[in-house]
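Trainee: okay, predicted coordinates and the sequence, questions at the end:
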Amino acid sequence: MLREYLRKEGVFLLSAGIVLFFIGFGIARPDLLDAVSSAVHAAILDYFSWLYLISVFFFLVFALVLALSRYGTIKLGHDAERPQYGFFGWVAMLFAAGMGIGLLFWGVSEPLIHYLQPPPFIDPASPDAAAFAMRYAFFHWGVHPWAIYTIVSLSIAYFSFRRGMPALISSCFYPVLGERIYGPAGKMVDVFAVVATVFGTATSLGFGALQIHSGLTHLYGLPSTISVTIGIIVIATALFMASAILGVEKGVQVLSKLNIVLATVLLLVVLGLGSTPYVFNVFISTFGGYVNNIIDMSLQSYPFAGFDWSRDWTVFYWAWWISWSPFVGLFVARISRGRTIREFVLTVLTVPTLFTFVWFAVFGGSALHLELDRGADLAAVAGADVSLALFAFLEHYPSAGLLTLIAIIVLIVFFITSADSATVVLGSLTSGGSLIVPTYKKAIWGLSLSAVAITLLVTGGLSSLQVMAITAAFPFMLVMIVLCYTLAIGLSQEKVQ
Amino acid sequence: MFEKTLVPVAYGERPEELMKIGRVLRSLGAESICLYHVNEPGSFFRGADLSWLTLLAEALEEMGLSVEVKTGNGHIASAIAETALLEGADGIYMKAKRRWHIETMLLGSVSQNLLRLADVPVFVHKIRPRLPDNGVELDRRDLKVLYATDLGETSNRLLPYVMEFAGAWCHLLHVRGRMADPLAERVRREAVDGKLHAVAEELRPYFGQVTSEQRIGEPATQVLYVSDRIEADIVVLGRKGPAFLSAPMGDTAERVVTGSMASIFLVPQPGSRHAS
């Protein structure tokens, strides 16, 4: 009886135990957790930067080759199946899960920070630095992150919808592990996915709550106390749990569509009220530079000058996207049933990327325009507090208060959709891959995510846990390489015309 | 299939060792043996007295075998492969781990090169079956033959060669990759079991015992594993054309030959580089 229970709930119990251990560690000895995680993290980035770069480039090439090969016509589901969600709803959801909140956080800040602190071979605050800043902002938020998500989600979608296995990462290992996926080896992979999802989502919730708090303080002068941030998390938790309990169709999909519309409105207003021709010039110039340099940037670690810059930005980003990939991959897989591999890969790689490029061109390009030509001191604000840069930027536009309010709403909704998707994924992962998750499990995970975020905010262990999540992503990169292999094996067994 | 066997010999070969080989070949059905010696360009022994070859031939003739002696020039493995074809030999017999010159050691053994180049079956004699010291011939009933089959369309071509060891214990082995999901895996396993059963039924009247198994994994590793596990004396393998990626590591046959304690009987199949 007990053995049966442990076998059934093994993933849940073990992952909950690991999460609790790290939370306890973070509460009891935040300094020690910070020291250990920072040391391991720095060592991995120092020694394996090259591996991150080559692996992520390989994932991109692999995804494209699959899409353009004869396997591109294979459906992620049975041959006669039709897509479960409409195109707009699908794109809105995968965008909300994969990027969302980060765009608001970094859309203005990242180009400004690169502009002020480029690698040593570029003069800071120069036109060259501005071009470099925009190009690398495109690069870090372009096709590479989506290639990472693509590998994980494609593997899960293929093995679960096409091959009839549970929607778990361990299912993708069947071609190499066989029945052992049901044993400790398979369980460990799923435990890792749960832990990575909890860490990644909880830290993002914490940082997201801090940014919402910054916005509200900026707009309404709310006090900068921890209790306000906790209040924001509690309200957001109630909202995202309601959304999760309503289900993907009525909850996440509706909110994601709403948010894409709101984000587009904000984008168009900033574009229309700002220097429109300048932004278009930034967009096409940066896009040209991005396309022209994509292979160089993909494999460039600047070993002779600028290695630290590459490690702290590009490699950090790749590690961060990889740490999010179990969660985003599972969620994107879940909403992509019925699509062909070609449609899936090409859409996931291009549509959100293009929207992101436009976003960065509008927000980052306009911010650089204000900085370079209007004498605004936005770069210094971004350098001092990343979460404030967006609100400081919006101050230079008419109806700044309204725009800031829209930005905060978008931020809150992205916050809700990310947490909502994570709750659905965690529930599914700890229910043996079932797509129908009991409400109580959604509630447990939703509350757990918020509890973790609040605890870390209070104890100051948020950054440590983020570093820990990124460190834990290193073995998952190796898992992803195996996923490419098992996917290739699975596809090679398909009878394709 | 061993009626006419080409046996490459080198300078310094001892007649008593060759007689042991002769007994093995006779027990496998050999009637005629072509002793073949290659003079390598630049070899220290080139042009030396070849009377030792006559002595070897006489030793085999005393055993009742028909023997002819041939010599050739050039790259050893290429010359052996070419002569076997020209002389209409049914197969080539080689004792493994024989190194004639330092350059062959560096470039790979003659037997490994021959495996790639020969258009006729090659028997590479390794540690098992042991050469009998007491003058008796091999008893086929004591032999364990491991027949590694891919169950492909051309695998039936190998059956007559497997029959050469009739009377022995024949263990059929099929190595394959794992299917991508449990259902496909079960279907595949059942299909392979069916095919192996059909082949086993075909061989059963001729062999003392016929068993079969299928394994999942890398072919060379699994063949070597099973060969060691059942202590096979002879491994019968078909040779296909090398895959692009096999070049640096060697193809399955080469790796089995290198790692096996059992002798290898390698039969070229259509699609291999030189097989016609």
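Mentor: Looks like it arrived, so ask away.

Trainee: any idea how many residues pack against A:D308?
Mentor: A:D308 has 13 neighbouring residues, counting by other C-beta atoms under 10 Å in any protein chain shown. Just so you know, the C-beta spots here come from the backbone N, C-alpha and C atoms, and that holds for glycine as well.

Trainee: okay, and it sits in which element?
Mentor: Following DSSP states H and E, one finds A:D308 within helix A:307-310.

Trainee: and after that helix, which helix or strand comes next?
Mentor: That would be, after helix A:307-310 and using DSSP H and E, helix A:316-335.

Trainee: contacts for the helix holding A:D308, please.
Mentor: Under the criterion C-beta atoms under 8 Å, 6 or more residues apart in numbering or on different chains, residues A:49, A:117-120, A:300-302 lie in contact with helix A:307-310.

Trainee: quick check on B:M94: phi, psi?
Mentor: Backbone torsions of B:M94, given as degrees, to the nearest 10, read phi -130, psi 140.

Trainee: what about it, distance to chain A?
Mentor: 36 Å (C-beta to the nearest C-beta, to the nearest Å).

Trainee: so does the helix ranked longest in chain B get close to chain A?
Mentor: Using DSSP state H, we find that the single longest helix of chain B is helix B:182-203. Yes - applying C-beta under 8 Å from any C-beta of the partner chain, one finds helix B:182-203 in contact with chain A at B:182-185.

Trainee: so which elements touch the helix or strand that that helix is followed by?
Mentor: As assigned by DSSP H and E, the chain's next helix or strand after helix B:182-203 is strand B:209-216. The elements that strand B:209-216 packs onto, with contact taken as 3 or more C-beta pairs under 8 Å, 6 or more residues apart in numbering or on different chains; DSSP states H and E, are strand B:169-176, helix B:182-203, helix B:219-229.

Trainee: mean pLDDT and mean neighbour count for these - can I get that in JSON lines?
Mentor: What follows is those, written out as JSON lines (pLDDT from 0 to 100; neighbours: other C-beta atoms under 10 Å in any protein chain shown):
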{"stretch": "strand B:169-176", "mean pLDDT": "95", "mean neighbour count": "22"}
{"stretch": "helix B:182-203", "mean pLDDT": "95", "mean neighbour count": "15"}
{"stretch": "helix B:219-229", "mean pLDDT": "95", "mean neighbour count": "19"}
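
Trainee: out of these, nearest to A:L390?
Mentor: Smallest distance to A:L390 across these (C-beta to C-beta): 49.6 Å, for helix B:182-203.

Trainee: output the contacting helices and strands for the closest one.
Mentor: helix B:159-162, strand B:169-176, strand B:209-216.

Trainee: what's the closest of these to A:S325?
Mentor: Closest approach to A:S325 among those (C-beta to C-beta): strand B:209-216, 28.7 Å.

Trainee: list the buried residues of that closest one.
Mentor: B:210, B:212-216 (16 or more other C-beta atoms under 10 Å in any protein chain shown).

Trainee: so which of those is the closest to A:S227?
Mentor: B:I216 (59.1 Å).

Trainee: ok, which of the helices and strands packed on strand B:209-216 comes nearest A:G24?
Mentor: Closest to A:G24 of the helices and strands packed on strand B:209-216, according to C-beta to C-beta: helix B:182-203, at 38.7 Å.

Trainee: centre of the chain versus the closest one, how much separation?
Mentor: Centre-to-centre, helix B:182-203 and its host chain are 26 Å apart (C-alpha atoms, centre = their mean, to the nearest Å).

Trainee: hey, C-alpha coordinates of that helix in CSV?
Mentor: Provided in CSV are the C-alpha atoms of helix B:182-203 (Å, rounded to 0.1, in the frame of the first residue of the first chain):
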residue,chain,number,x,y,z
PRO,B,182,6.1,1.1,-25.5
LEU,B,183,3.4,0.0,-28.0
ALA,B,184,5.6,0.2,-31.0
GLU,B,185,8.3,-1.5,-29.1
ARG,B,186,5.9,-4.4,-28.2
VAL,B,187,4.8,-4.7,-31.8
ARG,B,188,8.3,-4.7,-33.0
ARG,B,189,9.5,-7.2,-30.4
GLU,B,190,6.7,-9.6,-31.4
ALA,B,191,7.5,-9.2,-35.1
VAL,B,192,11.2,-9.9,-34.5
ASP,B,193,10.4,-12.9,-32.4
GLY,B,194,8.2,-14.2,-35.2
LYS,B,195,11.0,-13.8,-37.8
LEU,B,196,13.6,-15.3,-35.5
HIS,B,197,11.3,-18.3,-34.9
ALA,B,198,10.9,-18.8,-38.6
VAL,B,199,14.7,-18.7,-39.2
ALA,B,200,15.2,-21.1,-36.2
GLU,B,201,12.7,-23.5,-37.7
GLU,B,202,14.5,-23.4,-41.0
LEU,B,203,17.8,-24.2,-39.3
